[in-house]
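Visitor: pasting the structure only:
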């Protein structure tokens, strides 16, 4: 009895611990989902604000907003392309590591551009613009190179797979269209159209009518003897058909390309 109570107590505490663990995991997943949603919403607001500044403002503020917008767009597109490609192609992991190192420089540049947007001394900011443009172009060029290289690699794999598939389909289509001619059937008769034209059919009917009339007169003359001969001929033909033996399944056909089997030695 005490053992049963002990087992029930252990099961009760196990269920409680499992419920607490599931609750913590669910709360953590919900928190991560909320954080992800907040980050995406903040990012969308920032992109919209930068796009509005780049088109609405003139001078230093508009140029800084344009630099930040081009930097963020290029880095985000490259990140999405590499993360999607590394799932199918493990060789992109090294490219993803390089992009992480490049992202450090991209974040530093984005922070510098953000601080300069709030800088009241516009003359100093205008003097720093050429250097900032050069840094932005170098980072975006590297990000674009990684992204397009990954896309070209994926497209190359697709082209190779399609080429191999086309070759296999061509081979299968050739095999489906292949057939052999019977040994006793001439090739010319197989390729000849079995349907005669109207003139040939008319001649055949005329000859058939003539033979029918001749046979009718011959049967009238010969009477029962002709009928007996015909029955004898039909019986002989049936006998010849029955006389052809069926092939023995135990006998394997030999082909000219087969090699002669060598006898096994007992020594």
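Guide: Great, that's in hand. Just so you know, these numbers come straight off a predicted model, no measurement behind them. Residues are numbered from 1 along each chain as shown.

Visitor: make it CA atoms for all contacts and neighbour counts henceforth
Guide: Noted.

Visitor: Just give the number of residues close to residue 89.
Guide: Residue 89 has 13 neighbouring residues, counting by other Cα atoms under 10 Å.

Visitor: To clarify, my last question referred to residue 67.
Guide: 21.

Visitor: tell me the secondary structure for it?
Guide: Look at residue 67: counting by DSSP: H, G, I helix; E, B strand; the rest coil, its state is helix.

Visitor: ok, it to residue 121 distance?
Guide: As for residue 67, its distance to residue 121 is 19 Å (criterion: Cα to Cα, to the nearest Å).

Visitor: same thing with residue 128?
Guide: Residue 128 sits 11 Å away from residue 121, going by Cα to Cα.

Visitor: Of those two, which one has the most company?
Guide: Each of residue 128 and residue 121 has its neighbours counted (other Cα under 10 Å); residue 128 has more, 12 against 9.

Visitor: Three-state assignment for the more buried one, please.
Guide: Secondary structure of residue 128, reduced to three states by three-state DSSP: helix.

Visitor: repeat for the one 10 residues further on
Guide: Under the three-state scheme (three-state DSSP), residue 138 adopts helix.

Visitor: got the contact list for it?
Guide: Going by Cα atoms under 8 Å, 6 or more residues apart in numbering, residue 138 touches no other residue.

Visitor: what's the pLDDT at it?
Guide: pLDDT, residue 138: 94.

Visitor: got it, and residue 166?
Guide: 93.

Visitor: in which helix or strand would I find it?
Guide: Assigned by DSSP states H and E, residue 166 falls within helix 122-176.

Visitor: can you list the domains in this structure?
Guide: For the chain, automatic domain parsing gives the domain ranges 1-56, 58-158.

Visitor: what's the least confident stretch among the ones you listed?
Guide: Averaging pLDDT over each of the domains of the chain puts domain 1-56 lowest, since it has a mean of 80.

Visitor: What is the burial count for residue 47?
Guide: 17.

Visitor: so it is in which element?
Guide: For residue 47, the host element (DSSP H and E) is helix 2-56.

Visitor: Run through the neighbouring helices and strands of that helix.
Guide: Packing partners of helix 2-56 (3 or more Cα pairs under 8 Å, 6 or more residues apart in numbering; DSSP states H and E): helix 60-88.

Visitor: Pull out the buried residues from the helix it packs on.
Guide: Residues 60-69, 71-72, 74-75, 78-79, 81-82, 85-86 are the ones in helix 60-88 that count as buried (16 or more other Cα atoms under 10 Å).

Visitor: sorry, back to before: deepest in the core, which of the domains of the chain is it.
Guide: Neighbour counts (mean count of other Cα atoms under 10 Å) averaged over each of the domains of the chain peak at domain 58-158, with a mean of 15.

Visitor: just to revisit the earlier point, angle of the helix holding residue 47 against helix 60-88?
Guide: 140 degrees (axes from the mean of the first three to the mean of the last three Cα atoms, to 10 degrees).

Visitor: For residue 179, which three-state class applies?
Guide: At residue 179 the chain is in coil, as set by three-state DSSP.

Visitor: okay, now it: neighbour count?
Guide: By other Cα under 10 Å, the residues close to residue 179 number 7.

Visitor: give the contact list for the nearest residue to residue 154 once chain neighbours are set aside.
Guide: Closest residue in space to residue 154, ignoring its immediate chain neighbours: residue 85 at 7.7 Å, by Cα to Cα, 6 or more residues apart in numbering. By Cα under 8 Å, 6+ apart, residue 85 lies in contact with 92, 150, 154.

Visitor: Just give me the closest of these to residue 135.
Guide: Distance to residue 135, by Cα to Cα, is smallest for residue 150 among those, at 23.0 Å.

Visitor: Tell me how far the closest one lies from residue 17.
Guide: Using Cα to Cα, residue 150 is found at 46 Å from residue 17.
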